[in-house]
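1. got a predicted model here, sequence first, then my questions.
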Amino acid sequence: MRLALLLPNWVGDAVMATPALRALRRHFAHDELVGIAPPAICALLEGHPSLDRLLPMRTRRSFPLARLRALTRLLREERFDLLVHFTNSLGSAAAGALARVPVRIGHVRRGRGPLLTRRLPAEAANGAPVPAIDHYLALAAALGAGPESPQMELATSAADEAAADRLWESFGTRRSRPTIALNNSGAFGAAKLWTEDGVTSLAARILEELDHNVLLLAGPAEAEAAARIAAALPRPGILSTAAMPTLGLSKAAVRRSRLMVSTDSGPRHFAPAFGVPVVSLFGPTDPQRTALHTPLDRWVRLDLDCQPCQQRVCPLGHHRCMRALEADRVWAAMTEQLERFPR
């Protein structure tokens with residue numbers, strides 16, 4: 001058979017889908033598994049052992065008519081036997097039905113149930129949050145796959161590792177020192193971000209008290225903040241990825257780090273996928289929904305009455321869930337993880 005896997009559009013969700021990809025690979029060992037995803041997700045999952053091919057498909061949240069037509073045409077031309085919806089889009093479900101893929105499985109959301117041939121409930125019977133890893137594994141189980149570990153997995157390419165080698169050379173005489181990666185990003189919105197003062201204070205203690213290097217993971221949106229943090233710490237041992245911000249470099253950089261401190265954003269998931277401990281900072285989002293099922297992941301949150309609000313901008317205007325998160329508290333969690341997972 002030929003299976004089309006419509007993969008998640010967000011980086012973190014795509015990483016959390018990898019246990020389900022592995023389960024499908026084991027169950028459909030002699031069949032072809034083709035991942036369909038936005039170009040960035042294809043780059044993220046390049047070299048993943050569970051996928052035979054990756055087909056890039058540009059996407060927009062509104063799922064415009066042009067994409068509906070393009071996806072329908074792709075599914076028809078490839079003549080897939082089975083379509084697995086990792087996304088919750090009504091438009092993608094319509095494309096599968098229009099392409100007449102014989103078996104179309106997904107969770108029932110946004111009124112798309114009639115467009116699927118195999119339907120899974122979107123929420124737990126008791127209304128409790130379902131971690132995304134479990135949500136995706138349920139798709140594989142519904143297709144007959146056996147129990148699978150929730151361990152996420154990623155791969156890096158030779159080009160990714162070469163880029164990381166060049167970055168590490170910039171540490172100069174400190175390139176052999178252990179490195180801690182700091183990620184203060186969030187495509188979800190500004191509400192997920194920690195304060196620059198918090199990141200700066202934590203980075204200073206890493207440099208001074210641990211004598212470890214600090215790597216600031218920074219894309220175009222975080223470049224200016226990373227530059228300000230580095231300028232506030234004019235000493236050797238601190239770099240950022242802003243000069244060459246690619247997912248491949250970020251993966252390779254996290255893979256060779258001793259530990260990562262991250263907001264609840266896509267790169268947070270890289271660390272456990274490579275066996276690296278992470279301290280995850282939660283503000284407006286619900287940690288239960290992105291639980292990674294591993295002791296490598298240590299949550300830090302304030303447990304305010306207004307958490308989690310799941311809003312992109314603080315509806316109360318104070319953003320206390322992240323602004324009141326003290327660097328000392330993050331430092332304590334980080335040192336606990338370093339002791340628990342010596343490397």
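-> Alright, I've got the coordinates.

2. does Pro287 touch Asp297 like I think?
-> No: Pro287 sits out of contact with Asp297 when judged by CB atoms under 8 Å, with a separation of 9.0 Å. C-betas here are computed from N, CA, C, even on glycine.

3. now for these two: what residues contact both?
-> Ser280 (CB atoms under 8 Å, 6 or more residues apart in numbering).

4. what are the phi and psi values at Leu120?
-> Phi and psi for Leu120, reported as degrees, to the nearest 10, are phi -120, psi 140.

5. same check on Leu281?
-> When read as degrees, to the nearest 10, the backbone of Leu281 gives phi -100, psi 120.

6. more neighbours, Pro287 and Asp297?
-> Higher neighbour count among Pro287 and Asp297: Asp297, with 21 against 18, using other CB atoms under 10 Å.

7. quick check: that one touching Val276?
-> No: here Asp297 does not reach Val276: they are 10.3 Å apart, not a contact under CB under 8 Å.

8. which ones are touching Leu296?
-> By CB under 8 Å, 6+ apart, Leu296 lies in contact with 271-272, 275-278, 341.

9. could you look up the SS state of Arg109?
-> coil (DSSP: H, G, I helix; E, B strand; the rest coil).

10. just Gly144 next, same as before
-> Classified using three-state DSSP, Gly144 is coil.

11. ditto for the one 10 residues further on
-> Per three-state DSSP, the secondary structure class of Leu154 is coil.

12. quick one: contacts for it?
-> By CB under 8 Å, 6+ apart, the contact list for Leu154 reads 15, 18, 44-45, 48, 251, 270, 273-274.

13. can you give me the strands in this protein?
-> Taking DSSP state E as the criterion, the chain contains strands spanning 2-6, 32-37, 53-56, 82-85, 103-107, 118-120, 179-183, 213-217, 238-240, 259-263, 278-281, 297-300.

14. neighbouring strands - and their directions - for the last one?
-> Right, the one you point to is strand 297-300. Sheet pairing for strand 297-300, assigned by DSSP bridges, gives strand 278-281 (parallel).

15. again, but for the longest one
-> In its sheet, strand 32-37 lies beside strand 2-6 (parallel), strand 53-56 (parallel), with partners assigned from DSSP bridges.

16. dump those into CSV; add mean pLDDT as well.
-> Shown next, in CSV, are the strands paired with strand 32-37 (pLDDT from 0 to 100):
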stretch, mean pLDDT
strand 2-6, 98
strand 53-56, 96
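
17. turn these into JSON lines, including distance to Leu137 and mean neighbour count.
-> Output for those, formatted as JSON lines (distance: least, CB to CB, whole Å; neighbours: other CB atoms under 10 Å):
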{"stretch": "strand 2-6", "distance to Leu137": "14", "mean neighbour count": "22"}
{"stretch": "strand 53-56", "distance to Leu137": "21", "mean neighbour count": "15"}
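
18. nearest to Ala230, of those strands?
-> When the strands paired with strand 32-37 are compared by CB to CB, strand 53-56 sits nearest Ala230, at 33.7 Å.

19. for that closest one, the distance to its chain's centre please.
-> Centre-to-centre, strand 53-56 and its host chain are 18 Å apart (CA atoms, centre = their mean, to the nearest Å).

20. next, count neighbours for Leu316.
-> Leu316 has 11 neighbouring residues, counting by other CB under 10 Å.

21. got a pLDDT number for it?
-> Note for Leu316: predicted pLDDT of 86.

22. what's it in contact with, if anything?
-> Contacts of Leu316 (CB under 8 Å, 6+ apart): Cys306.

23. what's the distance between it and Asn88?
-> From Leu316 across to Asn88, the span is 28 Å (CB to CB, to the nearest Å).

24. so Val279 makes contact with Arg268?
-> No: in this structure Val279 lies outside contact range of Arg268 using CB under 8 Å: 9.4 Å.

25. now do the buried residues in stretch 130-149.
-> 130-137, 139-141, 143, 145, 148 (16 or more other CB atoms under 10 Å).

26. got the residues you listed as a markdown table, with distance to Ala95 and pLDDT columns?
-> What follows is these, written out as a markdown table (distance: CB to CB, whole Å; pLDDT from 0 to 100):
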| residue | distance to Ala95 | pLDDT |
| --- | --- | --- |
| Val130 | 25 | 89 |
| Pro131 | 27 | 93 |
| Ala132 | 23 | 95 |
| Ile133 | 26 | 97 |
| Asp134 | 26 | 96 |
| His135 | 21 | 95 |
| Tyr136 | 20 | 97 |
| Leu137 | 24 | 97 |
| Leu139 | 18 | 97 |
| Ala140 | 22 | 98 |
| Ala141 | 24 | 97 |
| Leu143 | 20 | 97 |
| Ala145 | 24 | 97 |
| Glu148 | 28 | 97 |
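
27. with that, I have no additional questions.
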